[in-house]
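In: sequence and predicted structure below; questions after.
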Amino acid sequence: MSTDAHDPRRMRIEKERRRSDRYPLVIPIHLTWPGLGGQPDSAHAQGREANLHGGLLEFMDAERYPSEGTEAELTNLVSGHKSKARVSAIRRSSTGALMRVAVELLPPNEEFWGLSFQLKRTTGDLLKLEHGIKAGEIDPYVLREFRDAVDYIRKTAWAVQEWQERQIQKRDTATVIPLLVAERIRRGTHLYEALTADLKSHAIRPEATEIADLFHAIEHLYEELKQLN
């Protein structure tokens with residue numbers, strides 16, 4: 001089992017992996033691979049970091065794991081998605097204890113890691129786009145709308161990850177709902193402030209057909225809020 005940091009194959013894999021950003025996550029993974037005597041072996045692990053090309057697995061039972069170069073079948077126990085993978089590296093501590101196992105997906109597949117990963121990746125792409133937009137000339141109004149959209153996606157991605165982690169850890173997932181409700185209230189208040197500013201700046205025209213629907217929605221919301229007192 002090679003641990004040479006200058007191994008050509010490992011350097012190639014690490015270079016390929018750097019083509020896409022890695023994102024932290026907590027995903028239960030089941031692995032099966034050819035064992036001794038041709039009998040299949042298996043183990044449970046947690047995906048702790050991932051990108052389009054592969055990820056880092058933390059094994060629940062350090063005595064059972066595939067050796068470097070082994071091809072295995074991975075199953076995402078949250079989504080049920082399966083993928084072929086190759087063990088590209090075994091990472092150990094200074095004392096030689098197993099830390100994490102790096103795997104390369106065959107072929108690269110972002111869907112395998114599930115919705116949480118896809119949201120994180122999309123959020124990362126949007127943040128990169130925002131940095132690019134800042135470098136150019138764009139109307140501050142449009143930029144503000146873009147930032148609000150990115151912020152909403154980022155918080156949604158966090159909520160998905162939090163829900164999955166609590167489910168894996170056998171914790172109460174219902175406690176995530178109040179956090180989402182509080183965020184929705186915050187967004188509603190922010191939207192009210194933005195609409196008020198639009199009205200004062202005459203960005204909203206009286207002939208806009210959506211005004212009547214907005215007025216009735218606000219009236220209904222007001223009546224519902226009064227019931228809380």
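Out: Yep, it's here. In this text the structure is predicted, and so the values were computed from the model without any measurement.
In: ok, which stretches of this protein are helices?
Out: Secondary structure of the chain, counting by DSSP state H: helices at 8-17, 115-135, 140-168, 176-200, 210-226.
In: quick one: average pLDDT of the first one?
Out: When pLDDT is averaged along helix 8-17, the result is 49.
In: ditto for the second one
Out: Over the span of helix 115-135, the pLDDT mean works out to 77.
In: hey, C-alpha coordinates of it in PDB?
Out: Extracted C-alpha coordinates of helix 115-135, given in PDB (Å, rounded to 0.1, in the frame of the first residue of the first chain):
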ATOM      1  CA  LEU A 115     -29.000  17.200  -3.000                       C
ATOM      2  CA  SER A 116     -26.900  18.800  -0.300                       C
ATOM      3  CA  PHE A 117     -23.800  18.500  -2.400                       C
ATOM      4  CA  GLN A 118     -25.500  19.900  -5.500                       C
ATOM      5  CA  LEU A 119     -26.800  22.900  -3.500                       C
ATOM      6  CA  LYS A 120     -23.400  23.600  -2.100                       C
ATOM      7  CA  ARG A 121     -21.800  23.300  -5.500                       C
ATOM      8  CA  THR A 122     -24.500  25.600  -7.100                       C
ATOM      9  CA  THR A 123     -24.000  28.100  -4.200                       C
ATOM     10  CA  GLY A 124     -20.200  28.100  -4.800                       C
ATOM     11  CA  ASP A 125     -20.700  28.700  -8.500                       C
ATOM     12  CA  LEU A 126     -23.000  31.600  -7.800                       C
ATOM     13  CA  LEU A 127     -20.600  33.100  -5.400                       C
ATOM     14  CA  LYS A 128     -17.900  32.900  -8.000                       C
ATOM     15  CA  LEU A 129     -20.300  34.600 -10.500                       C
ATOM     16  CA  GLU A 130     -20.900  37.300  -8.000                       C
ATOM     17  CA  HIS A 131     -17.200  38.100  -7.700                       C
ATOM     18  CA  GLY A 132     -17.100  38.300 -11.500                       C
ATOM     19  CA  ILE A 133     -20.000  40.600 -11.600                       C
ATOM     20  CA  LYS A 134     -18.400  42.900  -9.100                       C
ATOM     21  CA  ALA A 135     -15.500  43.300 -11.400                       C
END
